[in-house]
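*Asks:* Here you go, sequence then predicted model.
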Amino acid sequence: DAMVIQNPRYQVTQFGKPVTLSCSQTLNHNVMYWYQQKSSQAPKLLFHYYDKDFNNEADTPDNFQSRRPNTSFCFLDIRSPGLGDAAMYLCATSRVTGVNTEAFFGQGTRLTVV
Amino acid sequence: KQEVTQIPAALSVPEGENLVLNCSFTDSAIYNLQWFRQDPGKGLTSLLLIQSSQREQTSGRLNASLDKSSGRSTLYIAASQPGDSATYLCAVRLPGTYKYIFGTGTRLKVLA
């Protein structure tokens, strides 16, 4: 059973039109992450939550926002998508401490901006 | 600033070969290191997690080692199969944070 679920798998949006990507988890992990991955590049951390505490990376554009209404769900909002925002967006979760602090990823959402 | 490098960027091997993928990191202070597999257009699948106090982990045909002092990890794949073809990424978790820093991956192609 999928433990980190991202919807939709593919999203096409118009230039400048706000878009929201969603992520849910059944693992009850404290930490949730959003990564951006462009073709043949390493995943780049945009931000992460520890419970409700939001941690933004210094180089994440203001155009990207996130919400975590509860433990299970996390959303990525792109306020005004540009052509350069076309990428795979990956959601991940992990435990904070303990024996198994493995990170688990969803299947990703491929965003196309037209 | 922690940087993670994976060399080579791409690798082609005939089926049945044993192979080693390399991951280097610049700062030996890490919380853990994780190896992932990524198929084209898909998310990341966790393969092995090595805590900072461990030297290696094994799962089936996979064995990952960690040498923090030299800033290196290797992923050993035994008896490679065409189904192993994918991109393999390593990531280090920074101590005192929950952040994972990724390498750019090694694209592996196993030829039948």
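*Replies:* Perfect, I can see it now.
*Asks:* Going by C-alpha atoms from here, please, whenever you check contacts or count neighbours.
*Replies:* Will do.
*Asks:* what's near enough to touch the closest residue in space to residue B:10 that isn't next to it in sequence?
*Replies:* Nearest non-adjacent residue to residue B:10, counting by Cα to Cα, 6 or more residues apart in numbering or on different chains: residue B:107, 4.4 Å away. Residue B:107 makes contact with B:9, B:10, B:11, B:85, B:86, B:87, B:88, according to Cα atoms under 8 Å, 6 or more residues apart in numbering or on different chains.
*Asks:* do residue B:35 as well
*Replies:* If you count contacts by Cα under 8 Å, 6+ apart, then residue B:35 has B:46, B:47, B:48, B:49, B:75, B:88, B:89, B:90, B:91 around it.
*Asks:* same deal with residue A:75?
*Replies:* Counted by Cα under 8 Å, 6+ apart, residue A:75 has contacts A:20, A:21, A:22, A:23, A:66, A:67, A:68.
*Asks:* need the contacts of residue B:107 in CSV with neighbour count, pLDDT and distance to residue A:48, can you?
*Replies:* As requested, the contacts of residue B:107 are exported to CSV (neighbours: other Cα atoms under 10 Å in any protein chain shown; pLDDT from 0 to 100; distance: Cα to Cα, whole Å):
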residue, neighbour count, pLDDT, distance to residue A:48
B:9, 16, 94, 28
B:10, 14, 96, 30
B:11, 15, 95, 33
B:85, 20, 98, 30
B:86, 18, 97, 27
B:87, 21, 97, 24
B:88, 27, 98, 23
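*Asks:* what's the farthest-apart pair in those residues?
*Replies:* Pairwise distances across the contacts of residue B:107 peak at 13.5 Å for B:9 and B:85 (criterion: Cα to Cα).
*Asks:* and residue A:45, what helix or strand is that in?
*Replies:* Using DSSP states H and E, residue A:45 sits within strand A:44-50.
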